[in-house]
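Novice: Mind folding the following:
(chains A, B, C and D)
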There are 2 protein chains.
Amino acid sequence: MSAEPIEPLRHQTLHERVYEALLGLIGAGVLAPGTPLDEQALAARLGVSRTPLRAAIARLAQEGLVVNLPYRGASVRRFTVAEIDGLYEVRAALEALAARKAAARMSADGLATIAALLDEGQAALAAGDVEAYGQADARFHRALAEVAGNPTLTETLDGLRRRIHLFRDLANRQPGLRERTARERELILDALARRDGDGAAALLEQHIDHIRRTVLQQLTEWEREK
Amino acid sequence: MSAEPIEPLRHQTLHERVYEALLGLIGAGVLAPGTPLDEQALAARLGVSRTPLRAAIARLAQEGLVVNLPYRGASVRRFTVAEIDGLYEVRAALEALAARKAAARMSADGLATIAALLDEGQAALAAGDVEAYGQADARFHRALAEVAGNPTLTETLDGLRRRIHLFRDLANRQPGLRERTARERELILDALARRDGDGAAALLEQHIDHIRRTVLQQLTEWEREK
DNA sequence: GCACAAAATCTTGTACACAAGCGGGCCGCC
DNA sequence: GGCGGCCCGCTTGTGTACAAGATTTTGTGC
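Specialist: Alright, predicted model coming up:
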C-alpha cells in the first residue's frame, strides 16, 4: 500500500455542490458571459433554496467568474481583451515559478506522473479529442504545481485556470497545436529530469505566452469580424 | 481638480462591513490564529444576525485567512512556517512582474506618487512609527501594482498581502530597516525613472526575498525558544 | 406628445426558525 | 476496569419570511 495521507472524505454541503453545478453550467456555456443570475429562478431550477445558492454565487464572485453588485444581482463575468491578457500574464509568471520549483524538487515518481499526463494529452490530440486534451493539459499543470510544493502557488494557479478555462476553445483550436506540444513535451521533460529550473521556467513561460498570443489574436480577429 | 474617474459610492452592504470588521479584528490580533469563530457569539458581539456574518466568514475563508470546516465551524488560520515561506515566494514573483510592467508604463505623475509614498515611509521610520511605515509601504506596493495596469495582478497581490499582513510585526521590527529602505528607495526610483524593467523587477524581488528571510528567521528563532 | 416624478413591483439583503451533523458524556457489555 | 455504542446538547447548514433598495411603469403637468 502507498503511504499517502488519505483525505477523510469530507461531508459535502449543499452550497458546495451548487457551486460545482454553477461552475459546470458556466464552463459549458449554458450560462454565457453577461447572463444575469436570477436567484429565485436559479434556486428553483436547481431545486434548492436561495441560501446555499447565494453562498455559491458569492464564492464565484470572489473567484472572479461572476460580478456581484449590491441589490443589483450577479451576472456571469464578461472579460475584456485586456483582462484576458492580464490573466495570462500573471499565469505565465506563476507557471514559470512552479516549473522552477518543481524541477528542483522533482522525484522519479513525479517525473513519471508528469510524463504520463503529457502523453495522455498527446494521445488525445492524435485522436482529435480536443476536450480530452484540455483535461490532460489541466492535470499536467496541476501536477507540476503540486510537485513545486507550495500550496499558495497551487491555489492561485487553480484560480487563474478556472477563469482562463472559459476561453479554452480559443486556445485549443489552433493549427499545429499537436506538433508544437509534441516538441515541447520532450523539452519540458528533459529540463525537469536534468533539474534545470531556469530551463523549465523559461519553457513554461513561453508555453503560456504562446497560448496567450493565440487567444488574443483570435479574439481580436473575432472582434474585427463584427 | 483632478481628472480621476470617480467611484459612484457603492452602497455598502452589512456583510461587507462585517467582513471589514473581522479583518480588523484579525489584523489587530483580537482574533488570534487558532481562535474559533463562534457564529452566535460573534453575531451578538457585532450586533448583527448570523446571515451576513456567515457571508463575511465565507469570504475570509475563500481568501485563506480563516479555515472553515463543514459543521465544525471556522477558526482563524494558523500558518505554518512553510506556508509563510510559500506566500512570500509567490509574492516575490508577482511583485517582480508588477515592477517590470510598471517601469515600462511609468508616467511622471505615477513616479511622483510613488516617490512620495516611499518618502512617507522613510519619514515614518525616522519618527519611529513602525505602524505608519507599514501603511505607507502597503500603499507603495499597491500604487506600483496599479501602475502596472493589470487588475488580476493587483487583486492577486492584494490577497497575498492581506495574508502576509498578519506577520508584519516580524518583518518591520528588524534592525537596520531604515538604512536599508533608504538605500532601496533610490535604486527603485532610479530603475523606474529609467524604465529599466529588469532592474526594477530584480530590486522588488530582492526586497520581498529579504523580508521573507527576516520573517522566517524570526519565526524559527521564536519556535526554538519554546 | 414628452419629461419628470411617484408609486408599484420585482430583486436582493437580512433576520429568524427549523433541520442536519458533530462531539462529549453516559451507560452497558465484555 | 476498559472499550464500544448510543443519546443528548450544541453548532452549523438550510429554508422561509420580511425589509431595503432598484427598476419599471404609470400618471400628471407642461
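Novice: buried sites along the helix ranked longest in chain A?
Specialist: In terms of residue count, the longest helix belonging to chain A (DSSP state H) is helix A:197-225. Going by neighbour count (16 or more other C-beta atoms under 10 Å in any protein chain shown), the buried part of helix A:197-225 is A:197, A:199-205, A:207-212, A:214-216, A:218-219. All C-beta spots, glycine's among them, are computed from the backbone N, C-alpha and C.
Novice: now stretch A:153-171
Specialist: Neighbour-count burial for stretch A:153-171 flags A:153-154, A:156-157, A:159-168, A:170-171 (criterion: 16+ other C-beta under 10 Å).
Novice: Ok, stretch A:37-52 next?
Specialist: So stretch A:37-52, judged by 16+ other C-beta under 10 Å, has buried residues A:37, A:39, A:42-43, A:46, A:48, A:52.
Novice: so the residue sitting nearest the centre point of chain A is in which element?
Specialist: By C-alpha atoms, centre = their mean, chain A has its centre lying nearest to A:Arg161, at 2.6 Å. Element membership of A:Arg161, judged by DSSP states H and E, is helix A:151-164.
Novice: tell me which strands and helices the helix or strand just after that helix is in contact with?
Specialist: Toward the C-terminal end, the helix or strand that comes next after helix A:151-164 (DSSP H and E) is helix A:168-172. Secondary-structure packing of helix A:168-172 (3 or more C-beta pairs under 8 Å, 6 or more residues apart in numbering or on different chains; DSSP states H and E): helix A:130-148, helix A:197-225.
Novice: between the ones you listed, which gets nearest to A:Ile188?
Specialist: Taking C-beta to C-beta, helix A:197-225 is the member of those nearest to A:Ile188, at 5.3 Å.
Novice: wait, isn't A:Gln153 in contact with A:Ala98?
Specialist: Rather than Gln, residue A:153 is Leu. Yes - in terms of C-beta atoms under 8 Å, A:Leu153 counts as a neighbour of A:Ala98; the distance is 5.8 Å.
Novice: Near chain B, which residues of chain A? Just list them.
Specialist: Contact residues (C-beta under 8 Å from any C-beta of the partner chain) of chain A with chain B: A:10-13, A:16, A:54-55, A:58-59, A:62-64, A:69-71, A:83, A:86-87, A:89-90, A:93-94, A:96-97, A:101, A:150-153, A:155-156, A:160.
Novice: could you flag which of those residues are buried?
Specialist: The buried subset of the residues of chain A next to chain B (16+ other C-beta under 10 Å) comprises A:16, A:54-55, A:58-59, A:62-64, A:83, A:86-87, A:89-90, A:93-94, A:96-97, A:101, A:150-153, A:156, A:160.
Novice: Kindly identify which of these also come near DNA strand D.
Specialist: By C-beta under 7 Å from any atom of the strand, the members of these lying near DNA strand D are A:Ala55.
Novice: same for the helix holding A:Arg161, what does it pack against?
Specialist: Taking 3+ C-beta pairs under 8 Å, 6+ apart as contact, the helices and strands that helix A:151-164 lies on are helix A:50-63, helix A:81-105, helix A:130-148, helix B:81-105, helix B:151-164.
Novice: contact partners of that helix?
Specialist: Residues outside helix A:151-164 that contact it (C-beta atoms under 8 Å, 6 or more residues apart in numbering or on different chains) are A:23, A:63-65, A:79, A:84, A:87-88, A:90-91, A:94-95, A:97-98, A:101, A:138, A:141-142, A:145-146, A:148, B:64, B:83, B:86-87, B:89-90, B:152, B:156, B:160.
Novice: now swap in stretch A:86-93 and tell me
Specialist: By C-beta under 8 Å, 6+ apart, the list of residues contacting stretch A:86-93 from outside reads A:79, A:157, A:160-161, A:163-164, A:204-205, A:208-209, A:211-212, A:215, B:93-94, B:96-97, B:101, B:150-153, B:156.
Novice: low-scoring pLDDT stretches of chain A, where are they?
Specialist: A:1-10, A:226 (pLDDT under 70).
Novice: go again using 50 as the cut-off
Specialist: For chain A, the stretches with pLDDT under 50 are A:1-5.
Novice: returning to that earlier point: between A:Leu153 and A:Ala98, which contacts overlap?
Specialist: A:Ala145.
Novice: hang on, the earlier thing: any chance of the helices and strands packed on helix A:168-172 in JSON lines with distance to B:Gly29 as columns?
Specialist: Converted to JSON lines, these look like this (distance: least, C-beta to C-beta, whole Å):
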{"stretch": "helix A:130-148", "distance to B:Gly29": "32"}
{"stretch": "helix A:197-225", "distance to B:Gly29": "38"}
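Novice: Enumerate the residues of chain A near DNA strand D.
Specialist: By C-beta under 7 Å from any atom of the strand, the residues of chain A that approach DNA strand D are A:13-15, A:48-52, A:55, A:70-72.
Novice: again, only using 6 Å
Specialist: A:13-15, A:48-52, A:71-72 (C-beta under 6 Å from any atom of the strand).
Novice: for the residue lying closest to A:Glu39 once chain neighbours are set aside, what are its contacts?
Specialist: By the measure of C-beta to C-beta, 6 or more residues apart in numbering or on different chains, the closest residue to A:Glu39 outside its immediate chain neighbours is A:Arg50, 5.1 Å from it. Under the criterion of C-beta under 8 Å, 6+ apart, the contact partners of A:Arg50 comprise A:39-40, A:43.
Novice: Just the ones of the buried residues of stretch A:37-52 in strands?
Specialist: The strands, defined by DSSP state E, take in A:Leu37 from the buried residues of stretch A:37-52.
Novice: Could you dump the buried residues of stretch A:37-52 into JSON lines with distance to A:Ala127 added?
Specialist: Listed next are these as JSON lines, based on distance: C-beta to C-beta, whole Å:
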{"residue": "A:Leu37", "distance to A:Ala127": "36"}
{"residue": "A:Glu39", "distance to A:Ala127": "42"}
{"residue": "A:Leu42", "distance to A:Ala127": "36"}
{"residue": "A:Ala43", "distance to A:Ala127": "40"}
{"residue": "A:Leu46", "distance to A:Ala127": "34"}
{"residue": "A:Val48", "distance to A:Ala127": "38"}
{"residue": "A:Pro52", "distance to A:Ala127": "39"}
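Novice: out of the buried residues of stretch A:37-52, which one sits closest to chain B?
Specialist: Using C-beta to the nearest C-beta, A:Pro52 is the member of the buried residues of stretch A:37-52 that sits closest to chain B, with 11.2 Å.
Novice: And the residue nearest to the centre of chain A, how far from DNA strand D?
Specialist: Using C-beta to the nearest atom of the strand, to the nearest Å, one gets 26 Å for the distance from A:Arg161 to DNA strand D.
Novice: gap between that residue and chain B?
Specialist: Distance from A:Arg161 to chain B, counting by C-beta to the nearest C-beta, to the nearest Å: 12 Å.
Novice: between the strand or helix carrying A:Glu20 and helix B:50-63, how big is the angle?
Specialist: Counting by DSSP H and E, the element that carries A:Glu20 is helix A:14-27. With axes from the mean of the first three to the mean of the last three C-alpha atoms, to 10 degrees applied, the angle from helix A:14-27 to helix B:50-63 works out at 60 degrees.
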